[in-house]
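Asks: Provided below for reference: sequence and predicted model.
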Amino acid sequence: MIAYKDYTSVILNVNGEKRKAIIKPSDTLLRVLREELGLTGAKPGCENGDCGACTILLDGKPVKSCMMLAVEAIGMEIITIEGLNNTEIQQAFYEEGGFQCGYCTPGFLLNSYALLEEKPDAEDEEIKEWLKSNLCRCTGYEGIKNAVYSAKEKIKER
């Protein structure tokens, strides 16, 4: 195990690019993404893992970046909302009105993207379960659910 102390220079693989950051061992991945790398799509919300506004993909799996240290992500592939481009889920969120204020949208998009990549034929219960990990204070979740189902159909058409 590598021991980190004081400020340390690290290389993180973010959105397909090697990015250098100067961090403290206690820095969360969320803080480093936003404040060191300027990637502000992952949002601080509850900062205790409940709301999902800070969701990113780590080696393809949704992770709440407020709950992990940046040093834990060294050597892993990090995808933020800034790295998700031209996907069916993004188009479906737009078409189905799966957002209102937009604060929670990046987390929902990344979580839904990961679900449909892992399980393109996800059943209703699986979709409901995955959506429980993110909170939205503005919508009634209908647009979000409709977007996931719409994206699921678009993926089948690929």
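Replies: Received it, and whenever you're ready, just let me know what you need. Residues are numbered from 1 along each chain as shown.
Asks: Could you pull out the buried residues of the longest helix anywhere in the chain?
Replies: In the chain, taking DSSP state H as the definition, the longest helix is helix 142-157. Neighbour counts using 16 or more other CB atoms under 10 Å place 143-148, 150-152, 154-155 of helix 142-157 among the buried residues. Quick note: C-beta positions are derived from backbone N, CA and C, even for glycine.
Asks: Ramachandran coordinates for Thr28?
Replies: Note on Thr28: its backbone torsions stand at phi -80, psi 160 [degrees, to the nearest 10].
Asks: Chain neighbours aside, what residue packs nearest to it?
Replies: Cys66 (5.6 Å; CB to CB, 6 or more residues apart in numbering).
Asks: show me the contacts for Glu17.
Replies: For Glu17, the contact set (CB atoms under 8 Å, 6 or more residues apart in numbering) is empty.
Asks: Can you list the low-confidence ranges for the protein?
Replies: 1 (pLDDT under 70).
Asks: Which parts of it are strands?
Replies: 8-14, 17-23, 55-58, 61-64, 77-79 (DSSP state E).
Asks: Out of the ones you listed, which is closest to Glu95?
Replies: Closest of these to Glu95 is strand 55-58, at 21.5 Å (criterion: CB to CB).
Asks: Given the closest one, what are its sheet partners and their directions?
Replies: According to DSSP bridges, strand 55-58 forms sheet pairs with strand 61-64 (antiparallel), strand 77-79 (antiparallel).
Asks: hmm, back to that, show me the one of the strands of the chain that comes nearest Asn48.
Replies: Between the strands of the chain, strand 61-64 lies closest to Asn48; by CB to CB that is 8.9 Å.
Asks: and the residue positioned nearest the centre of the chain, what is it in contact with?
Replies: In the chain, the centroid-proximal residue (CA atoms, centre = their mean) is Ile56; its distance is 2.6 Å. Each residue near Ile56 by CB under 8 Å, 6+ apart is listed here: 29, 33, 42, 62-63, 65, 78-80, 110.
Asks: Could I get those residues in TSV, plus columns for neighbour count?
Replies: TSV is the format used below for the contacts of Ile56 (neighbours: other CB atoms under 10 Å):
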residue	neighbour count
Leu29	28
Leu33	26
Ala42	25
Pro62	22
Val63	22
Ser65	29
Ile78	26
Ile79	20
Thr80	23
Leu110	26
